[in-house]
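**Q** Sequence first, then the predicted structure, then my questions.
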Amino acid sequence: MAKNNNSKNTENNKLPIETKLVQQYYKEVFDPGDLISIIGLSTFYRREFAFLLENDVFVRNISFKSTSGLVNYLVRNPIKRAYIGAVYDVPPTKNNTIQKIKWKSREFCFDLDLNDYDLVRICGCQGKEQYCKVCWSLVQDAATFLDRTLRDDFGFRDIIWVFSGRRGFHGWVRDKEAGILTQEQRNSMIQYLTLIKDEKRTQAVEKDLKHVLPLRDRIIEMVAKTFFQKATVKELRAEPFKFTKKQIERLQYNLKNSTRPFHYTYDSILENKQDRDAIFTHIITYRYPRIDRKVSIDIRRILKIPGSIQDTNGRICCKVDIKKIHKFYPENAPTIWDLLS
Ligand SMILES: [Zn+2]
């Protein structure tokens with residue numbers, strides 16, 4: 001299987017991207033209106049911005065009175081990466097650093113990155129740029145599952161997803177109530193969403209979820225179903241499943257033909273299995289969303305600006321419609337060269 005698209009090899013020749021080109025992009029193509037549609041205008045002047053500049057100079061505690069101030073900065077400086085942080089009570093500056101001023105709000109953000117799946121990428125892809133359809137489906141499924149869970153279990157309504165520029169997605173929960181969640185509150189929500197506490201041990205995840213049935217059922221409908229759709233007969237014969245030939249046939253028949261929710265199939269196939277928990281844990285380990293906890297919990301954390309350029313490949317961190325996320329691959333994100341030609 002091709003691990004990389006062909007166009008990338010030619011694009012590698014264009015790296016590093018010329019500063020002149022980056023500045024032209026921010027001048028002619030970058031639309032601050034798109035960013036405002038995500039972060040809102042009223043608190044813009046009290047937002048922290050941060051930039052990685054040429055020669056790896058990293059600057060934080062920057063704020064702008066207006067979007068044209070931001071655009072001017074992007075056009076005049078040698079930007080490698082552009083980031084956005086939280087809203088404070090006064091504009092962050094060199095003298096009024098974010099440690100000195102009062103934090104006010106920040107979207108509840110999620111970072112899904114293929115990096116975090118390296119141990120369970122069975123396709124053989126590794127490293128920072130490699131991906132294929134097999135492992136990319138992990139982050140596509142993770143975004144879909146999280147989006148549903150954030151809406152159904154926490155009641156959020158305004159969630160957008162952005163291609164992170166390389167191997168994953170950023171989720172931005174924009175609901176007002178989400179923005180003012182404290183670090184402790186974010187932490188406990190992430191606890192709820194994190195199921196594997198110790199990678200090396202088999203855990204009683206399904207038992208733990210017996211009082212959280214909506215989450216358990218959603219895992220079976222979305223995560224377990226996909227796991228079984230993609231599993232090979234060899235995997236299903238092995239530990240922890242040890243399915244018989246008959247069980248595998250029944251499973252595959254139901255996956256193709258049954259119109260009932262998948263938990264009927266799941267429960268009937270596993271009916272007399274002693275090791276339900278081991279099976280559930282195995283599925284969670286291989287296909288359940290892996291969230292970068294720090295990004296979600298740390299209220300001062302910065303995240304790449306939607307619409308900015310990923311310096312390692314020239315791709316734009318573009319918005320992705322969650323309903324079409326299964327059709328989105330990194331090569332679908334426009335590049336700076338596409339947009340300037
Ligand atoms: Zn892969």
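**A** That came in fine, so what should we check first?

**Q** Neighbouring strands - and their directions - for the top strand by length along the chain?
**A** Assignment by DSSP state E gives strand 79-88 as the longest strand of the chain. In the sheet, strand 79-88 lines up against strand 47-53 (antiparallel), strand 103-105 (antiparallel), strand 303-304 (antiparallel) (DSSP bridges).

**Q** Could you point out the helix or strand that follows the second one?
**A** Spelled out, it's strand 103-105. Using DSSP states H and E, the helix or strand that follows strand 103-105 in sequence is strand 108-113.

**Q** Now look at the helix or strand following that following strand and say if it contacts the ion.
**A** Heading C-terminal from strand 108-113, the first helix or strand you meet, by DSSP H and E, is helix 133-154. Yes: on the criterion CB under 5 Å from the ion, helix 133-154 is in touch with the ion at Val134, Cys135. No exception for glycine: its C-beta is placed from N, CA and C like everyone else's.

**Q** which other helices and strands contact the helix or strand following helix 133-154?
**A** Moving toward the C-terminus from helix 133-154, the next helix or strand (DSSP H and E) is strand 159-163. Applying 3 or more CB pairs under 8 Å, 6 or more residues apart in numbering; DSSP states H and E, we find strand 159-163 packed against helix 133-154, strand 168-173, strand 319-320.

**Q** Contacts for the helix or strand following the second one, please.
**A** Where DSSP H and E defines the elements, the next helix or strand beyond strand 168-173 is helix 176-179. For helix 176-179, contacts defined as CB atoms under 8 Å, 6 or more residues apart in numbering pick out Val87, Ser105, Arg106, Glu107, Phe108, Phe156.

**Q** could I get these as TSV with pLDDT and distance to the ion?
**A** Compiled in TSV, these are given as follows (pLDDT from 0 to 100; distance: CB to the ion, whole Å):
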residue	pLDDT	distance to the ion
Val87	98	38
Ser105	98	37
Arg106	98	33
Glu107	98	30
Phe108	98	29
Phe156	98	31
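
**Q** So which bits of this structure are right by the ion?
**A** Residues of the chain that fall close to the ion, judged by CB under 5 Å from the ion: Cys123, Cys125, Cys132, Val134, Cys135.

**Q** ok, for the second one, nearest residue in space, not its chain neighbours?
**A** Ranked by CB to CB, 6 or more residues apart in numbering and with sequence neighbours excluded, the top spatial neighbour of Cys125 is Cys135, at 5.1 Å.

**Q** And the residue most central in space within the chain, how close does it get to the ion?
**A** For the chain, Leu112 is the residue whose C-alpha lies nearest the centre (CA atoms, centre = their mean; 2.7 Å). Distance of Leu112 to the ion, given as CB to the ion, to the nearest Å: 15 Å.

**Q** what does the strand or helix carrying Asp277 rub up against?
**A** Assigned by DSSP H and E, Asp277 belongs to helix 276-287. Here helix 276-287 makes contact (CB under 8 Å, 6+ apart) with 120, 122, 138, 141, 195-196, 199, 202-207, 219, 223-224, 226-227, 239-241, 270, 273.

**Q** In the stretch 151-300 of the chain, what residue comes closest to the ion?
**A** The nearest approach of the stretch 151-300 of the chain to the ion comes at Arg167, 10.1 Å away (CB to the ion).

**Q** Can you give me the neighbour number for that residue?
**A** Residues near Arg167, counting by other CB atoms under 10 Å, number 22.

**Q** same question, Thr67
**A** For Thr67, the neighbour count with other CB under 10 Å is 16.

**Q** Nearest spatial neighbour of it, chain-adjacent residues omitted?
**A** Closest to Thr67 by CB to CB, 6+ apart is Pro32, at 3.7 Å.

**Q** so that neighbour sits right up against Leu70, yeah?
**A** Yes: between Pro32 and Leu70 there is a contact at 6.1 Å, judged by CB atoms under 8 Å.

**Q** show me what contacts the residue nearest to the centre of the chain?
**A** Applying CB under 8 Å, 6+ apart to Leu112 gives the contacts 139, 142-143, 146, 164, 168-171, 289-292.
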